[in-house]
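Novice: Here's a sequence, model it:
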Amino acid sequence: MHQRLLWFYLRIRPILELVIDWIGKHPLIIIVFPSIWLFIRYKPFWKDVDVVAQLIAAPGSLNILHCPPIYCFLARLPFWLTDTLTHAAAPPIFSEQHPSLLAVRALIFFQHVGLWFALRYLLFSVGWSDISRGIAAVLLSSVASFYTFAHTAGSEAVTAVTWITVFSAGIRILLRRAGWRDWIIYSAALLLAVGSRKVNGILLLWLPIVTLYLCSRWLFARQHGTELKLLLRTGAVALVISLSIGGIEKGFVLVLCRQFSVIERPTDGATFSDRFETLTAWLSPAENADFLANGLAMTNDPNVRLAIEAQLKFGSYHLGGEKVIEHALSEQGLSGEELQAERDRIISRATQCLYQATPPKLFAIIAKEFVRTWAPTSDYRVARSGPFATFLFARFLEEMPSRWSDLPRLPMFQLENARPALAAVDRDPFINHWQNIPIALWCLSFVFLGIGRLIRQRLSLELFVVALSIIAIGTIADLASCVLAYGQPRYTLPLLITVFVSGCVLLFGTNQPNNLLPSKIQPKITPAVLCIILSVTLLAFVKATEILTNEAEINGLLKELQSNREEETAFSDVAEDAKAKILNIPVDELLPFLRRTLKEEKKRLDVLELFSH
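Specialist: I've put the predicted structure just below:
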């Protein structure tokens, strides 16, 4: 048997090498294939109500201030172009949209094209051999999250496109392989990243900080040669570009605010309030009372104090707290845009007070959610975020079809299509093939193999440092999401991107001299470092096991939730909605969901009891 396997391997190896070598020379073939698969099997996905504000609503505070406006209005161009060509009429991009299914498909197609460009650009950014490039192309094209997000309407669709392109251009710049075209591509990708999601602003720091670190190593080595001057020049240009991109995005926001009479103000307070909703679900009544007292002690403004009380009473402001604030402001004589602007300012200040009064338990919750984003979160759990959001949005449209203009007529928003699509995603071999491999295992494997290649001098220390910096940026973005909102799979996409981009560099990077670091610096890898890596790997698996043993608490919460709903039959529709959600939520997300749902049910019962009196 062993001889037969060896004989089969020897016969098949030349064929595999030829195939992989051909893929390395023509990687676009394998990169495009997953997109074709999704187009054939699925209608476009839709990132729930957020995309209504981004792509459908007329210009206002939600798509100018709350969501960065560049994607919100640039992504409407395919709507306008498609409907103009097919129906000879289409609303302007700076007005309310009524896209056809073909127009939405056109947007999805352009998002896939952007992903194809980004992946191919990455594959030719490092001096890989054709075989190495072919293996990297197969690995990257197997990441379902890249493609399902490209198949989803919403600003997160361009996260993979922009992050991969920024890192690819940055690698070319650091390796002295960049021309003026690469600088233009880097700047354009950075602008689109910052103009699509606020968390992407972390990318503005990546290239300047990496070049600063490399310069510091030259200074510490006391070698002031030509390479140091080139690095200083690169860092200066990168810093100027980052400042310019930030200024351009800010200027675009100011122009739109003046054009559409929107008062500029902070709008993230309501989003950050989600963080405290998850916190209060874990606190006892006494701890909640102390938290409220500490928050109120941070301000004397009666409106801000009212907002703090509403936060702890209703949870996230969109659950009713903002209506309390709006009612108070209307009694003070405010109305229209002025009322909305003052409401957002009050919510923002209330959120700041609550952060200052944060109890220690919040740090434990953040740490636990941060660990969960590494394990057991996998590519599959991130990839199904788009289909799952489409299913939930279809339920909302069924309950309130008149609220959402012409959207209910689109087939992907009809439950008879959305529910089977979500079930098909869970069975799809392309989407769920990495289901049991958490992000932590991918990252540790890449780093461990990269250290091994570094020890054997097959990977340059320069590329190793760049790869670690890429992982660091993704980790910071992931941690920021856990601190300011709450951990969920779709917020883990930047981390997943950085792990696989850095993994390709660590696995297939070469040891060609780059002169990014002085010659005196040599990698120092000891057995102790390897032991630490193995220990962290073991810790990740132990933590994942601990997370998966929460079934007893889940069952208890389910029973309590059921008993509450049996007391009040008026909430049967809510129970059905919760049941549908529970059936489609992974175990690690189910426990926080049940706590929030139970708390919301109790609030609804209290409100109903109040009205009955």
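Novice: Flag the shaky bits of the stretch 451-600 of the chain, pLDDT-wise.
Specialist: By pLDDT under 70, the low-scoring segments of the stretch 451-600 of the chain are 511-600.
Novice: Number of residues surrounding residue 189?
Specialist: A count of nearby residues for residue 189, using other Cβ atoms under 10 Å, gives 27. (Each C-beta comes from the backbone N, C-alpha and C, glycine too.)
Novice: Likewise for residue 355?
Specialist: For residue 355, using other Cβ under 10 Å, the count is 16.
Novice: Same check on the one 10 residues further on?
Specialist: Counted with other Cβ under 10 Å, residues neighbouring residue 365 total 20.
Novice: what's near enough to touch residue 463?
Specialist: Residues near residue 463 by Cβ atoms under 8 Å, 6 or more residues apart in numbering: 126, 505-506, 509-510, 514.
Novice: okay if I get those residues as CSV plus secondary structure and distance to residue 209?
Specialist: Converted to CSV, the contacts of residue 463 look like this (DSSP: H, G, I helix; E, B strand; the rest coil; distance: Cβ to Cβ, whole Å):
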residue, secondary structure, distance to residue 209
126, coil, 20
505, helix, 17
506, helix, 19
509, coil, 20
510, coil, 24
514, coil, 18
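Novice: What pLDDT is listed against the nearest residue to residue 351 once chain neighbours are set aside?
Specialist: Spatial nearest neighbour of residue 351, excluding adjacent residues (Cβ to Cβ, 6 or more residues apart in numbering): residue 269 at 4.2 Å. Predicted confidence (pLDDT) for residue 269: 87.
Novice: before we move on, what about residue 612?
Specialist: 39.
Novice: again with residue 433
Specialist: For residue 433, the predicted pLDDT is 92.
Novice: Go ahead and confirm it touches residue 141.
Specialist: No - judged on Cβ atoms under 8 Å, residue 433 makes no contact with residue 141 at a distance of 11.8 Å.
Novice: ok, those two, which is more surrounded?
Specialist: Applying other Cβ under 10 Å to residue 433 and residue 141 shows that residue 141 carries more neighbours, namely 22 against 13.
Novice: how about the more buried one, what does it touch?
Specialist: Applying Cβ under 8 Å, 6+ apart to residue 141 gives the contacts 30-31, 33-34, 119.
Novice: picking up where we left off before, now the contacts of residue 463 as CSV including distance to residue 492?
Specialist: Supplementary listing: those in CSV, determined by distance: Cβ to Cβ, whole Å:
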residue, distance to residue 492
126, 25
505, 20
506, 20
509, 25
510, 30
514, 31
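Novice: ok, so of the residues you listed, who is nearest residue 214?
Specialist: residue 514 (10.1 Å; Cβ to Cβ).
Novice: follow-up on the earlier one: drop anything exposed from the contacts of residue 141.
Specialist: 30-31, 34, 119 (16 or more other Cβ atoms under 10 Å).
Novice: Which ones among those residues map onto helices?
Specialist: Taking DSSP state H as the definition of helices, these contribute 30-31, 34, 119.
Novice: with these in mind, which one is nearest to residue 227?
Specialist: residue 119 (30.3 Å).
Novice: I figured that closest one hits residue 140, correct?
Specialist: Yes - the pair residue 119 and residue 140 qualifies as a contact (Cβ under 8 Å) at a distance of 5.5 Å.
Novice: Taking the centroid of the chain, which residue is nearest it?
Specialist: The residue lying closest to the centre of the chain (Cα atoms, centre = their mean) is residue 491, at 3.5 Å.
Novice: wait, what's in contact with that one?
Specialist: Applying Cβ under 8 Å, 6+ apart, we find residue 491 in contact with 373, 478, 481-482, 485.
Novice: how does it look with 10 Å?
Specialist: 156, 199, 369, 373, 377, 382, 385, 477-478, 480-482, 484-485 (Cβ atoms under 10 Å, 6 or more residues apart in numbering).
Novice: Please convert the residues you listed to CSV, extending it with neighbour count.
Specialist: Output for those, formatted as CSV (neighbours: other Cβ atoms under 10 Å):
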residue, neighbour count
156, 25
199, 20
369, 23
373, 26
377, 27
382, 27
385, 22
477, 24
478, 25
480, 16
481, 23
482, 22
484, 18
485, 18
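Novice: Please flag which of these sit within helices.
Specialist: Among the contacts of residue 491, the residues falling in helices (DSSP H) are 369, 373, 382, 385, 477-478, 480-482, 484.
Novice: Looking at the residues you listed, which one is closest to residue 41?
Specialist: residue 385 (17.3 Å).
Novice: thinking again about what came up before, how about the contacts of residue 491 in JSON lines, adding distance to residue 289?
Specialist: Listed next are the contacts of residue 491 as JSON lines, based on distance: Cβ to Cβ, whole Å:
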{"residue": "156", "distance to residue 289": "38"}
{"residue": "199", "distance to residue 289": "33"}
{"residue": "369", "distance to residue 289": "25"}
{"residue": "373", "distance to residue 289": "31"}
{"residue": "377", "distance to residue 289": "34"}
{"residue": "382", "distance to residue 289": "38"}
{"residue": "385", "distance to residue 289": "36"}
{"residue": "477", "distance to residue 289": "35"}
{"residue": "478", "distance to residue 289": "33"}
{"residue": "480", "distance to residue 289": "30"}
{"residue": "481", "distance to residue 289": "29"}
{"residue": "482", "distance to residue 289": "26"}
{"residue": "484", "distance to residue 289": "25"}
{"residue": "485", "distance to residue 289": "25"}
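Novice: now, among those, which is nearest to residue 399?
Specialist: The closest of the contacts of residue 491, once distances to residue 399 are taken by Cβ to Cβ, is residue 385, at 21.7 Å.
Novice: Which residue, neighbours along the chain excluded, lies closest to that closest one?
Specialist: Here the residue nearest residue 385, using Cβ to Cβ, 6+ apart, is residue 490, at 3.9 Å.
Novice: give me every residue that touches the one you found.
Specialist: Residue 490 neighbours (Cβ under 10 Å, 6+ apart): 47, 145, 149, 152, 154, 156, 159, 381-386, 388-389, 481.
Novice: Now the buried members of these.
Specialist: 47, 145, 149, 152, 154, 156, 159, 381-386, 388-389, 481.
Novice: Quick one: low-confidence residue ranges for the protein.
Specialist: 1-3, 5-9, 221-225, 401-406, 408, 511-613.
Novice: Swap in 50 and give it another go.
Specialist: Within the chain, the segments meeting pLDDT under 50 span 519-531, 533-534, 537-538, 541-542, 544-589, 601-613.
Novice: Can you pull the residues that touch both of residue 119 and residue 140?
Specialist: 27, 30-31, 146, 164, 501.
Novice: Strands of the stretch 101-250 of the chain, start to end?
Specialist: 152-153 (DSSP state E, counting those that start in this stretch).
Novice: Next, the buried residues of stretch 249-260.
Specialist: 249, 252-253, 256-257.
Novice: same thing with stretch 359-379?
Specialist: 359, 362, 365-366, 368-379.
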